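1. below is the sequence, then the predicted model.
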Amino acid sequence: MSAPLLFALKRSEELGRAVAEAAGLGLAPHEEREFEDGEHKSRPLTVVRGRDCYVLHSLFGEPGITVNDKLCRLLFFCAALKENGAARVTAITPYICYGRKDRQTKPRDPVTSRYVAQMFEAAGVDRVVTVDVHNLAAYQNAFRIESVELTAKPLFGLHLLARFSGRPLCVVSPDAGGAKRAEALREWLQARTGADVPLAFLEKKRSEGRVSGEAVVGEVRDAVAVVIDDLVSSGTTLARAAQALRREGAAAVVACITHGLFHGEAERRIEEAALDAFYVTDTVPPRLRLPAEVVERHLTVVPIAPLLGEAVRRLHGGGSLTELREHGPHAPQEA
């Protein structure tokens, strides 16, 4: 079996190199050209016919390129691979755009996450891989092609065990909708510590962009309260959660957030939250919108490349994704 080809589009090269190293590969060469009128062209610079191809691009907006432009470039490049005979094309989007718009919350609302899935299918993509989607059921139901969700749960769990070993833990969802994500981490920690790890969640109401509600449901007194969520944007929810948990007697408050978007007043909210630890992956580079000193003072950045690299190895070679989700990139391969 020939080795897979891994491509990383512009603005994702740094992560792409780290993923390639973790997968034991080099990045495959490609060309991206810009035209005067804003159009662009991209193409592989190696033979892709009959090959298993992976294209990495994290779909968040940043200065100089919008999320829509990134999505368009990813779709066009994947389509070019199929046009030139690639046997299978996998799009790796560590952060997938529009995941939060997965249902109608107001009359005549769009269901944008489903429209994005249809575009991937129309471009000939065979599989989409992402990390900790906002709503797993909506993500899986939106695609008719294979949709793979990886999780940072074991990465966060190892950090928690290393720092807070021997202390009582409680896993907290910042809202009722995230209870399954919190329950998964609770079970993981409980299985490895042998101690009872309770679950709690916070009341949260959102309307017109305003967040309200701060009642804590569950017992957090004297525990290390671990708030887990798929993303942080302005940081309002996280700051409110930290305040509410301390009022209820939590001994420490820790955040485990996969995607750090850090928009608006996020810097001030992080300062207000005064968390005892804040773990975030680099699916979105934290220094994109936060000053370096804030990142160094408040955040522990957990690299996502080992997880993605091992996923490429297992997807290409037929290894177990279940073991990867449970144990992380150093999980044993199933026979």
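-> Now that the structure is in, tell me what you want to look at. Numbers count the residues shown, from 1 in each chain.
2. show me the protein divided up by domain.
-> As assigned by automatic domain parsing, the chain contains the domains 5-151+305-327, 153-302.
3. tabulate those domains (a markdown table), appending mean neighbour count and mean pLDDT.
-> Quick note: C-beta positions are derived from backbone N, CA and C, even for glycine. Compiled in a markdown table, those are given as follows (neighbours: other CB atoms under 10 Å; pLDDT from 0 to 100):
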| stretch | mean neighbour count | mean pLDDT |
| --- | --- | --- |
| domain 5-151+305-327 | 18 | 96 |
| domain 153-302 | 19 | 92 |
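4. verify the stated contact: Pro303 with Pro285.
-> No. Look at Pro303 against Pro285 with CB atoms under 8 Å: they stay out of range, at 11.1 Å.
5. and the one helix or strand Ala225 maps to, what does it pack against?
-> If you go by DSSP states H and E, Ala225 is part of strand 224-232. With contacts taken as 3 or more CB pairs under 8 Å, 6 or more residues apart in numbering; DSSP states H and E, strand 224-232 sits against helix 153-164, strand 169-173, helix 179-193, helix 236-247, strand 252-260.
6. list the neighbouring strands of that strand plus their orientation.
-> The strands beside strand 224-232 in its sheet (DSSP bridges) come out as strand 169-173 (parallel), strand 252-260 (parallel).
7. right, and those strands - which one's nearest Leu150?
-> strand 252-260 (9.8 Å; CB to CB).
8. save the helices and strands packed on strand 224-232 as JSON lines, and put in distance to Ala8 too.
-> Below are the helices and strands packed on strand 224-232 laid out as JSON lines (distance: least, CB to CB, whole Å):
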{"stretch": "helix 153-164", "distance to Ala8": "21"}
{"stretch": "strand 169-173", "distance to Ala8": "33"}
{"stretch": "helix 179-193", "distance to Ala8": "28"}
{"stretch": "helix 236-247", "distance to Ala8": "30"}
{"stretch": "strand 252-260", "distance to Ala8": "18"}
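9. of all these, which one is nearest Glu219?
-> Here strand 169-173 is closest among these (CB to CB), at 7.3 Å.
10. helix, strand, or coil at Ser147?
-> strand (DSSP: H, G, I helix; E, B strand; the rest coil).
11. that one touches Val128, doesn't it?
-> Yes. The criterion here is CB under 8 Å, and Ser147 meets it with Val128 at 5.3 Å.
12. overlap in contacts, those two.
-> Ala117 (CB atoms under 8 Å, 6 or more residues apart in numbering).
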